[in-house]
Every structure is written in structure tokens, then in C-alpha cells.
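S.K.: I would like to see how this sequence folds:
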Amino acid sequence: MSVGREQVNLYKPEHMLGPVARLRTDPGFDAPHHQPLEITTQRDLAERSEPRDLRAHLRQAKLSLLGQFSRPARQPSLRLFFCHYVFEDQVKAFAQKIRYLADRGTFLTEEEVLKVIRGAKSLNQPAFHLSFDDGFRNVVTWALPVLRDLDVPATFFVPTSIIGASPDIVRDYCMNTAGHPGVIEMADWDDLGRAQEHGLSIASHTRTHVRFSRISGSNSRMEDEIAGSKADIEARLGSPCRMISWPYGTHTAVDDRSLEFVRRAGYAACFSAIRGQVVPRRTNPFSIPRHHFEAHWPMAQF
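M.R.: The predicted structure follows:
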């Protein structure tokens, strides 16, 4: 599938006035040292981040080493990958990674992944699934044209209460909830509608990116965050929402009670951020493993 220049530019940021653009005109906004909080490139993100400590360096080295020993094999298998953002200065690296995988196998939709897990679909070559968490607009702006050009399906897990939210809510979400050193522009519902039309599947990441384990003691909170986000997507986009990924994705961010609520809320599957292999008829469809990467990370991890 080929994408012309006009199609690619359809999602360029200058055509969209989102929360960050409104933030710049807010007379009550006072950025520290008069520096803009907006993060529009990976370089911005790196420069505004605090120097990484020893544990972060060790983790990166460990993941690179793991990647060298777990590169996609040529035999039939299924691995799921996810990332959070694709900035303009990451497009080349992102496309390189997606092409690398596409040359070695095929990409599946989330529904096809579920069929493999249930044993209803067999594989005759390596297979992959790609997803994005957190709802940042740059996924639509910069990642989607690459995916369209390579004919790769993907899933976008979004926190529905942050989509189209006020500048203050977006700033709090980016800097306090997601832990970024500045504001990364969020997608809005129009973005998601256009993205869905162009093949990006929209799924839930709760309403406010809350830890499942923190709300599992409250039926009303789980109803709001888990069932409510499903209802938001279905009402706004007019299509069923059958998938969810739990925020933070770790073992400690989820528990049995919250996953049972996910099942009862009508979801067909729940995705984690825990590395692991998908095994047909054995992998729990409500704890599907995914391998985290970001576009600028070394190719060795693939």
C-alpha cells in the first residue's frame, strides 16, 4: 500500500489545534524559566529528562542483551510489540524497525491474535502484533502514515477521559501520570475517527490511566474506568471496543479481581506490558504479553 505526500501530510500538527496549542495562549500558564513545556521531538524529550541513573542504564543494557538472544525466529511464532510515541525525528528509525519485522513475517490484527491464542488460527510463519499506549497525537501524525505505507495493522490503546481534555488535565496527565518532563500533545476524537478509518484499531487504556490494582476494591471505580472507557469509545467512534490494556502493564498494577471485572465488562482480551511468548491454547487472553520498545531504541532489541 502506498501513501502519497498529501495523504501523509493529512495529519501534520500545524493543521490541528490541540491542548498544547491552547496551553501556549493560556494567560495563567507560567512555564519554569519561560521554557515551553511542549515536547514535539525525541530530542526534546531526552534534553528535558533527568540524567538516567545506574538502574536505568543497567535495564537498557539488559534489554539490548535480551534482544540479541530473542530476535524473531523464522519458524512460526507470535510476538507482540508496543510503544508510546513516534515523534517526527523518530520516523526513520520507527519505519526501519517495522520493515525489519515485516520482512521476517506478517503482522496480525488484535482479533487475529485472539484467534491464535484460542487455537482457532494457525501460523505458518513468524507473526507480530503492534500496539501503542497512552493516546499521544504523534501516533496518528507520524506512525500511521508509515503503517499505511507498509500495510501494517495496529491497535491504539487510549485513556478516554484525556482524549480532547483541557490543557490542565493534559499537562497533569503527561507530567504526573505518565511521568514525562513536559506536555506531549494528545489525540482528540476527530483524530481517532480518522485513524480508525485508515486502519488503526482504537481500544481502551481506561479513562484516566489508573492502576487496576488501585481501584479493584471499588466496584464503582472499576465500572467507571473499565466499563466507562469501553462505552466512551463505542459512543464516540460507533464501533465495538473489545480490547483493553492495563495501565503500567506490570504484575503489581493488576490483580485477579480487576481482570475478572474486565471479562464481565464485555472485553474479549486484555494486554499487559510483561514480556513473554504467546502459546496457543495456553496464554491467558486476559494477560497477553507484549514487548516494550521505543522507536529510538537499538535494533539489537529486535
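S.K.: Can you tell me the SS state at T160?
M.R.: Counting by DSSP: H, G, I helix; E, B strand; the rest coil, the backbone at T160 sits in coil.
S.K.: Spell out which residues sit in contact with it, please.
M.R.: For T160, the contact set (C-beta atoms under 8 Å, 6 or more residues apart in numbering) comprises S204, H205, T206, R207, G228, S229, D232, I233, R236. (Glycine included, C-beta is placed from N, CA and C.)
S.K.: tell me the pLDDT at it?
M.R.: For T160, the model assigns a pLDDT of 98.
S.K.: go on, M222?
M.R.: The model's pLDDT for M222 equals 98.
S.K.: Spatially nearest residue to it, not counting backbone neighbours?
M.R.: In space, and not counting its chain neighbours, M222 is closest to F261: 4.7 Å by C-beta to C-beta, 6 or more residues apart in numbering.
S.K.: so how many other residues sit close to that neighbour?
M.R.: 20 (other C-beta atoms under 10 Å).
S.K.: list the helices and strands the helix or strand harbouring it packs on?
M.R.: Using DSSP states H and E, F261 maps to helix 256-264. Applying 3 or more C-beta pairs under 8 Å, 6 or more residues apart in numbering; DSSP states H and E, one finds that helix 256-264 contacts helix 212-215, helix 219-222.
S.K.: Need the winner for burial among these.
M.R.: Most buried of the helices and strands packed on helix 256-264, by mean neighbour count (mean count of other C-beta atoms under 10 Å): helix 212-215, with a mean of 19.
S.K.: by contact count, what packs against that helix?
M.R.: Using 3+ C-beta pairs under 8 Å, 6+ apart, helix 212-215 sits against helix 219-222, helix 256-264.
S.K.: now do 6 Å
M.R.: Judged by 3 or more C-beta pairs under 6 Å, 6 or more residues apart in numbering; DSSP states H and E, helix 212-215 is in contact with no other helix or strand.
S.K.: Could you check how far that helix is from the centre of its chain?
M.R.: 20 Å (C-alpha atoms, centre = their mean, to the nearest Å).
S.K.: what's the answer for stretch 290-302, then?
M.R.: Taking C-alpha atoms, centre = their mean, the mean C-alpha location of stretch 290-302 is offset from the chain mean by 14 Å.
S.K.: Return it as PDB; C-alpha atoms alone will do.
M.R.: Extracted in PDB, the C-alpha atoms of stretch 290-302 (Å, rounded to 0.1, in the frame of the first residue of the first chain):
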ATOM      1  CA  ARG A 290       3.900  -7.600  25.000                       C
ATOM      2  CA  HIS A 291       7.400  -6.500  24.400                       C
ATOM      3  CA  HIS A 292       8.100  -2.800  25.000                       C
ATOM      4  CA  PHE A 293      10.200  -0.700  22.600                       C
ATOM      5  CA  GLU A 294      10.500   2.900  21.500                       C
ATOM      6  CA  ALA A 295      11.500   4.000  18.100                       C
ATOM      7  CA  HIS A 296      14.900   5.300  19.000                       C
ATOM      8  CA  TRP A 297      16.000   2.100  20.900                       C
ATOM      9  CA  PRO A 298      18.700   0.000  19.400                       C
ATOM     10  CA  MET A 299      17.800  -2.500  16.600                       C
ATOM     11  CA  ALA A 300      19.500  -5.200  18.700                       C
ATOM     12  CA  GLN A 301      16.300  -5.500  20.800                       C
ATOM     13  CA  PHE A 302      14.600  -6.800  17.700                       C
END
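S.K.: can you tell me how far R257 sits from T283?
M.R.: Between R257 and T283 the distance is 21 Å, computed by C-beta to C-beta, to the nearest Å.
S.K.: out of those two, which sits in the busier spot?
M.R.: T283 (18 against 14).
S.K.: Hmm, I117 and that one touching each other?
M.R.: Yes - with contact defined as C-beta atoms under 6 Å, T283 counts as touching I117 (5.0 Å).
S.K.: follow-up on the earlier one: redo the helices and strands packed on helix 256-264 as CSV? Include distance to S49.
M.R.: Below are these laid out as CSV (distance: least, C-beta to C-beta, whole Å):
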stretch, distance to S49
helix 212-215, 26
helix 219-222, 31
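S.K.: Tell me which of those helices lies nearest to E294.
M.R.: Closest approach to E294 among these (C-beta to C-beta): helix 212-215, 23.5 Å.
S.K.: ok, residues contacting the closest one?
M.R.: The contact list for helix 212-215 (C-beta atoms under 6 Å, 6 or more residues apart in numbering) reads R221, M222, W246, A253, V254, D255, S258.
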